[in-house]
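S.K.: Attaching a predicted model along with its sequence, questions to come.
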Amino acid sequence: MSEKIFSLLSGIIFGVGLVVSGMTNPEKVIGFLSITHNWDASLIFVMGGAIIITAPFFYLLKNRNKSLLGLNINLPQKKGLDKKLLIGSALFGIGWGLVGLCPGPAISSIALFEPITLIFLIAMFLGVLTNKYI
Amino acid sequence: MYNFTPITALTGGLIIGSAVVLYFYTTGRLAAISGIFANALTIKSNRSSNLLFLLGLVVGPLGYFYFRKESVNFEITNSYILIIIAGFLVGLGTRMGRGCTSGHGICGISRFSIRSIIATITFIITGVITIFIFQQFGIYL
């Protein structure tokens, strides 16, 4: 039960952070990726602000094998680079650049009642399914 | 610099970082949104927690708008074809590359994961190239 409450709470805080940071506006993301014209560096401050908080905590918690709620710590075990990582990230970047939405802001923007983001989310889900079958 | 908002960007980033820490400290999982989205819709394990996290991503902004009584800008292309292609590439790419801006860009980089650092550099570069090409055609100017 508390796992569900903390999942909801974490999502709420994350969503508020996305709105406050301005990242729910695709124009801000486009502005960051547009380095040769009207560059907007705000996104660096978003990632920097988040990493300032997360990096020390991940370091402090790195030797734990159970979470506060007694659940197993679940971290990616893959090491080293592979084709899928590079090709996948490259494709993601193209999609991200095309309209300025990544998964978090795309979901949070449901709160803005913009029907166009629902189409984005459906297409995103089809992309997820496609990866499962290729 | 155009449209530059360092204070709100940093504040939002600190809030996002706090959410990542809270989620990891309590559940032992990384707040990697593309993974949570895909898992919530395709696998049974932790489904209700994953769905609640996604619900939070919507409820948080709704609560914020309600209490702050302010609206935020949302400017996006009106091309449905572009939206569909972009959404598909984001879904496919983040699953193939095992992460998005939150999973690689925040969680991975702060764990000093080489894979995530390379992934983040890769998607920023292809995003920059995509926009550069579009600007050559007079779009986004």
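M.R.: Nice, I can see it.
S.K.: mind showing which ranges of chain B have poor pLDDT?
M.R.: Scanning chain B for pLDDT under 70 picks out B:1, B:139-141.
S.K.: any chance you could map the helices in it?
M.R.: B:6-27, B:33-42, B:47-68, B:80-96, B:109-110, B:114-136 (DSSP state H).
S.K.: Reformat those into a markdown table and put mean neighbour count next to each item.
M.R.: Just so you know, the C-beta spots here come from the backbone N, C-alpha and C atoms, and that holds for glycine as well. Output for the helices of chain B, formatted as a markdown table (neighbours: other CB atoms under 10 Å in any protein chain shown):
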| stretch | mean neighbour count |
| --- | --- |
| helix B:6-27 | 22 |
| helix B:33-42 | 22 |
| helix B:47-68 | 20 |
| helix B:80-96 | 23 |
| helix B:109-110 | 20 |
| helix B:114-136 | 19 |
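S.K.: ok but residue A:36 is inside a strand, no?
M.R.: No - counting by DSSP: H, G, I helix; E, B strand; the rest coil, residue A:36 is not found in a strand; it is coil.
S.K.: which residues touch the residue sitting nearest the centre point of chain B?
M.R.: Central residue of chain B (CA atoms, centre = their mean): residue B:101, 4.9 Å from the mean position. Taking CB atoms under 8 Å, 6 or more residues apart in numbering or on different chains, we find residue B:101 in contact with A:47, A:96, A:102-104, B:33, B:120, B:123.
S.K.: From the chain's centre, how far out is stretch A:80-91? Work that out for me.
M.R.: 17 Å (CA atoms, centre = their mean, to the nearest Å).
S.K.: What of stretch B:23-36?
M.R.: Put simply, stretch B:23-36 sits 13 Å off its chain's centre (CA atoms, centre = their mean).
S.K.: mind saving the C-alpha coords of stretch B:11-31 as CSV?
M.R.: Taking Å, rounded to 0.1, in the frame of the first residue of the first chain, the C-alpha atoms of stretch B:11-31 are listed here in CSV:
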residue,chain,number,x,y,z
THR,B,11,13.9,25.3,-9.3
GLY,B,12,12.0,22.8,-11.4
GLY,B,13,15.1,20.7,-11.8
LEU,B,14,15.6,20.6,-8.0
ILE,B,15,11.9,19.5,-7.6
ILE,B,16,12.4,16.8,-10.2
GLY,B,17,15.6,15.6,-8.5
SER,B,18,13.7,15.4,-5.2
ALA,B,19,11.0,13.3,-6.8
VAL,B,20,13.6,10.9,-8.2
VAL,B,21,15.3,10.6,-4.8
LEU,B,22,11.9,10.0,-3.0
TYR,B,23,10.9,7.3,-5.6
PHE,B,24,14.2,5.5,-5.4
TYR,B,25,14.5,5.7,-1.6
THR,B,26,11.1,4.3,-1.0
THR,B,27,10.5,1.9,-3.9
GLY,B,28,14.1,1.0,-4.9
ARG,B,29,13.3,1.8,-8.6
LEU,B,30,14.5,4.6,-10.9
ALA,B,31,12.1,7.3,-12.0
